[in-house]
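[1] sequence and predicted structure are below.
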Amino acid sequence: MSRILATMTIVLGTLLAALPATAFDTKARAAWVYDLTTGTVLLDKNADEPLPPASMSKLMTLNMLFEALRDGRVRLDEQFAVSSKAAGMGGSTMFLDETDRPTVEELIKGIIVNSGNDACVVVAEGLAGSEEEFAKKMNERARALGMAHSTFANASGWPHPNQRMSVHDLGILAIRLIRDFPEYYGYFSLTEFEHDGRAPDNRFNRNPLLAMGIGADGLKTGHTEEAGFGLVGSAVQSGRRIVFVVSGLADAKERAQESRRIADWAFREFVQKTIASKGSRVTDAEVWLGSNSRVGLVVADDLSVLLPSLAQGALTGEARFTSPVVAPIAAGQKLGELVVEIPGFAPVSVDLVAEQAVAAGGFTTRLRTAFGLLARRVMAEFAG
């Protein structure tokens, strides 16, 4: 028996991204935009360049803290001590002093809303004993999470030549915080927090998107002279969630404008379409030595894609599978994949599985197959 990789073109629908979507020209030095609902990268501008992340790197400190909460190593109501180092931090702070014993929940709010550098040091020392040891653990965890272009020297994003993150890595981190920690993600939408009546001028969340009415619910801004102005944002409209990161903008106003433009573009330029529903038959495949001679190939899960909103035409996909399929075959067994090419995007795919079980054929099936092979061999020799 000879098995080959079979391909078959399938018409999937009446809408096609015949042309790539209108390109987005951003003023940001680096930008990454991702549709979380369909797993589609919408924009990649210098996305893997390691850059100073400023306070956006506080998301990694929060990730480490959320992991500790999830693992039961700390509790939300647990109190942490404030060292002289933490109390002496400059920049944005919660205005903690050495007599304070803030709870973990207060520190979370202080990091997200107040962008507290002092809160980050308190967390680092509380979890790892020192900020230096915490930075080592941040680097180890970043590598484990696939953040290939990030290095950490501190917990707060304070300027340091070894404090670097790419906007792509920041996006990976944002996606993790949204997906893996839904019980804590709501803190990112808080617009105001003031610890113990202190710092009234620093009680408001700097994320400009939260007040724009565009479905934004996170995540973090950042700014230093070296880094410029940046933002890690996420928003939901009509069931679609986007995550985006911008870095290197000129000022807070430009950051707000570019972030709003990106969100509007991502939601208005693209539409989500389910082009193949779970369980729908795409094609069938020949079966070798089975009780049936063919088996249906069906889509394992709904396949949703993003398409430019004004695109027209016929959308096609390619079914790829090895034929014939050797019996026995279990219902739901993966037999191939359906791959859809959309101009301007990476290909998307979904598994093709067996529509029904096919048992191995009995003696009669094997005898008939053997005679068939013999007949084909004789005919081939005769033709030769």
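    Happy to help now that I have it.

[2] any idea how far the residue nearest the centre of the chain is from residue 123?
    The centroid of the chain falls nearest to residue 175 when counting by CA atoms, centre = their mean (4.6 Å). Applying CB to CB, to the nearest Å, the value for residue 175 to residue 123 is 22 Å. C-beta here means a position set from N, CA and C on the backbone, and glycine is covered the same way.

[3] what residues are up against the residue nearest to the centre of the chain?
    34, 36, 243 (CB atoms under 8 Å, 6 or more residues apart in numbering).

[4] for the helix or strand hosting the last one, packing partners?
    I take that to be residue 243. Assessed by DSSP states H and E, residue 243 sits inside strand 240-249. Contact here means 3 or more CB pairs under 8 Å, 6 or more residues apart in numbering; DSSP states H and E; on that basis strand 240-249 packs against strand 30-35, helix 167-180, strand 228-237, helix 252-268.

[5] pLDDT on stretch 40-53, on average?
    The average pLDDT for stretch 40-53 rounds to 95.

[6] got the buried residues for that stretch?
    Across stretch 40-53, burial judged by 16 or more other CB atoms under 10 Å covers 40, 42-43, 45-47, 49-53.

[7] only C-alpha atoms, please: export that stretch in CSV.
    C-alpha atoms of stretch 40-53 as CSV (Å, rounded to 0.1, in the frame of the first residue of the first chain):
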residue,chain,number,x,y,z
THR,A,40,-4.7,37.1,14.7
VAL,A,41,-1.8,39.5,14.7
LEU,A,42,-3.2,42.7,13.2
LEU,A,43,-0.1,44.9,13.4
ASP,A,44,3.6,44.3,14.0
LYS,A,45,6.0,47.3,14.0
ASN,A,46,9.4,46.6,15.5
ALA,A,47,7.5,44.2,17.8
ASP,A,48,10.5,42.1,18.8
GLU,A,49,13.0,45.0,19.5
PRO,A,50,14.0,45.1,23.1
LEU,A,51,13.2,48.6,24.4
PRO,A,52,13.0,50.3,27.8
PRO,A,53,9.5,49.4,29.1
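
[8] from the middle of its chain, how far away would it be?
    Put simply, stretch 40-53 sits 13 Å off its chain's centre (CA atoms, centre = their mean, to the nearest Å).

[9] doesn't residue 196 lie inside a helix?
    Yes. Under DSSP: H, G, I helix; E, B strand; the rest coil, residue 196 sits within a helix.

[10] residues in contact with it?
    residue 100 are the contacts of residue 196 under CB under 8 Å, 6+ apart.

[11] begin at 892 from here
    All set: I'll call the first residue 892, so the last point we hit is now residue 1087.

[12] quick revisit: give me the sheet partners of the strand holding residue 1134 and which way each runs.
    Using DSSP bridges, strand 1131-1140 pairs in its sheet with strand 921-926 (antiparallel), strand 1119-1128 (antiparallel).

[13] what mean pLDDT does that strand have?
    Rounded mean pLDDT across strand 1131-1140 is 98.

[14] now swap in stretch 994-1013 and tell me
    98.

[15] could you do stretch 1082-1093 as well?
    Across stretch 1082-1093, the average pLDDT comes to 89.

[16] that older thread, list just the nearest of the contacts of residue 1066 to residue 1199.
    Distance to residue 1199 across these (CB to CB) is lowest for residue 925, with 16.8 Å.

[17] run through the protein and note the low-pLDDT ranges.
    Residue ranges of the chain with pLDDT under 70: 892-894, 902-914, 1201-1205, 1253-1275.

[18] once you drop chain neighbours, what's closest to residue 1221?
    residue 1248 (5.6 Å; CB to CB, 6 or more residues apart in numbering).

[19] how many residues are close by the one you found?
    Residue 1248 is flanked by 16 other residues according to other CB atoms under 10 Å.

[20] got it, and the one 4 residues further on?
    A total of 20 residues lie near residue 1252 under the criterion other CB under 10 Å.

[21] check contacts around it.
    1180-1182, 1218, 1260.

[22] quick check: phi and psi on residue 1074?
    phi -70, psi -20 (degrees, to the nearest 10).

[23] just residue 1090 next, same as before
    phi 50, psi 60.

[24] next up, the contacts around the nearest residue to it once chain neighbours are set aside.
    Nearest residue to residue 1090, sequence neighbours excluded (CB to CB, 6+ apart): residue 986, at 4.7 Å. Residues in contact with residue 986 (CB under 8 Å, 6+ apart) are 1009, 1086, 1089-1090, 1093.

[25] now swap in residue 1232 and tell me
    Applying CB under 8 Å, 6+ apart to residue 1232 gives the contacts 1208-1209, 1238.

[26] please apply the same query to residue 1245.
    Neighbouring residues of residue 1245 by CB under 8 Å, 6+ apart: 1186-1189, 1216, 1220-1224, 1226.

[27] do residue 1083 as well
    Residues in contact with residue 1083 (CB under 8 Å, 6+ apart) are 1004, 1094-1096.

[28] dump the residues you listed to CSV, plus distance to residue 1150.
    Converted to CSV, the contacts of residue 1083 look like this (distance: CB to CB, whole Å):
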residue, distance to residue 1150
1004, 18
1094, 22
1095, 17
1096, 14
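
[29] and the furthest pair within the residues you listed?
    1094 and 1096 (8.8 Å).

[30] of these two, which one has the most company?
    A side-by-side neighbour count of residue 1094 and residue 1096, using other CB under 10 Å, places residue 1096 first with 22 against 16.
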